[in-house]
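Asker: Everything below, folded, please.
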Amino acid sequence: MAEMNVIAITSGKGGTGKSSICAGLGYSLSKQGKRTLIIELDFGLRCMDIIFGVKDQIKYDLGDVLEGKCKDIQEAIVPVKMSTNLNILCAPENPFMVVTADQIADICQQVKKYYDYIIIDTGAGINSHVFDIVEQSNMILVVTTPDPICVRDARMMSDEFYKRGNQHQRLLINKVSRRMLKTGIINDLDEIIDNVGVQLIGIIPEDLELIAATGKGAPIPYGATSLLAFDSISRRIQGQDVPLTLKFK
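Answerer: Got it, this is the predicted structure:
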């Protein structure tokens, strides 16, 4: 996949908000004029169709493509109403379906000419299945929250990627609030960065407007703190020199 802009977004633990981040970054990239496809791999926990308000438009999903029920992959790729540059390929509802790294690589090769960025929303957890798929990407975004358990799991995942020779990792810290920082669970965000050992690419605040929007299948409101963060992160992904967004409540 070296010639494509394939971004894998992954986490060592569930509940980090990984799928919301995939949606937010995909939305921001598309709004910046980049043709973007999100491939959802969180089998049995499909949510992209709800997040983008297209659950009634899903005729085929990734499972149908893998099983040959959908002969043309374009029939399984659904355009998102809120952005003309954004499309999704939903995960199967069957939690026991298995996909290989080669299958995902083949799908990316089939559609690469239509997109500037392909975002892979992996399943959460530390297992060989996730590593095999993720390590083929051009960039790996490791997601954690300030929770010490999430931070430790992110470090374990990152260490394994480094062992496999993948240096193209960046850290995303999600669900950050002043309230959490005041609890004393962590001293500051630098402590998280040091513990995970990955260069920071962005901080996403805890944002009720984001939760409400994804739950209703609506766009993130203009001016929402999370949207400001997604905008700066997506520009940084493109190589632009954009300062970190640290606006949170």
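
Asker: Show me the helices in the protein, by range?
Answerer: For the chain, the helices defined by DSSP state H occupy 18-31, 48-51, 62-66, 101-111, 128-134, 148-163, 178-182, 189-196, 208-216, 225-237.

Asker: Looking at those, which is nearest to residue 8?
Answerer: Among the helices of the chain, helix 128-134 comes nearest to residue 8, with 4.2 Å by Cβ to Cβ. In short, each C-beta sits where N, CA and C put it, glycine included.

Asker: and the closest one, average pLDDT?
Answerer: When pLDDT is averaged along helix 128-134, the result is 69.

Asker: Run a quick neighbour tally on residue 221.
Answerer: 13 (other Cβ atoms under 10 Å).

Asker: Let me see the contact set for it.
Answerer: The contact partners of residue 221, taken as Cβ atoms under 8 Å, 6 or more residues apart in numbering, are 209, 213, 227.

Asker: Distance to residue 83 and mean neighbour count added to the helices of the chain, as JSON lines?
Answerer: Formatted as JSON lines, the helices of the chain follow (distance: least, Cβ to Cβ, whole Å; neighbours: other Cβ atoms under 10 Å):
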{"stretch": "helix 18-31", "distance to residue 83": "4", "mean neighbour count": "26"}
{"stretch": "helix 48-51", "distance to residue 83": "12", "mean neighbour count": "22"}
{"stretch": "helix 62-66", "distance to residue 83": "21", "mean neighbour count": "21"}
{"stretch": "helix 101-111", "distance to residue 83": "17", "mean neighbour count": "16"}
{"stretch": "helix 128-134", "distance to residue 83": "25", "mean neighbour count": "18"}
{"stretch": "helix 148-163", "distance to residue 83": "29", "mean neighbour count": "18"}
{"stretch": "helix 178-182", "distance to residue 83": "31", "mean neighbour count": "12"}
{"stretch": "helix 189-196", "distance to residue 83": "30", "mean neighbour count": "17"}
{"stretch": "helix 208-216", "distance to residue 83": "13", "mean neighbour count": "16"}
{"stretch": "helix 225-237", "distance to residue 83": "12", "mean neighbour count": "22"}
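
Asker: Among the contacts of residue 221, which one lies nearest to residue 67?
Answerer: The shortest approach to residue 67 among the contacts of residue 221 belongs to residue 213, at 32.7 Å (Cβ to Cβ).

Asker: how many other residues sit next to the residue nearest to the closest one when sequence neighbours are not counted?
Answerer: In this structure, residue 213 finds its nearest non-sequential neighbour in residue 220, 4.7 Å apart by Cβ to Cβ, 6 or more residues apart in numbering. Neighbour count of residue 220, defined by other Cβ under 10 Å: 24.

Asker: which ones are touching residue 220?
Answerer: 24, 27, 209-210, 213-214, 226-227, 230.

Asker: switch the cut-off to 10 Å
Answerer: 20, 23-24, 27-28, 82, 207, 209-210, 212-214, 226-228, 230-231 (Cβ atoms under 10 Å, 6 or more residues apart in numbering).

Asker: Residue 62 and residue 215: what is the separation?
Answerer: Distance, residue 62 to residue 215, by Cβ to Cβ, to the nearest Å: 23 Å.
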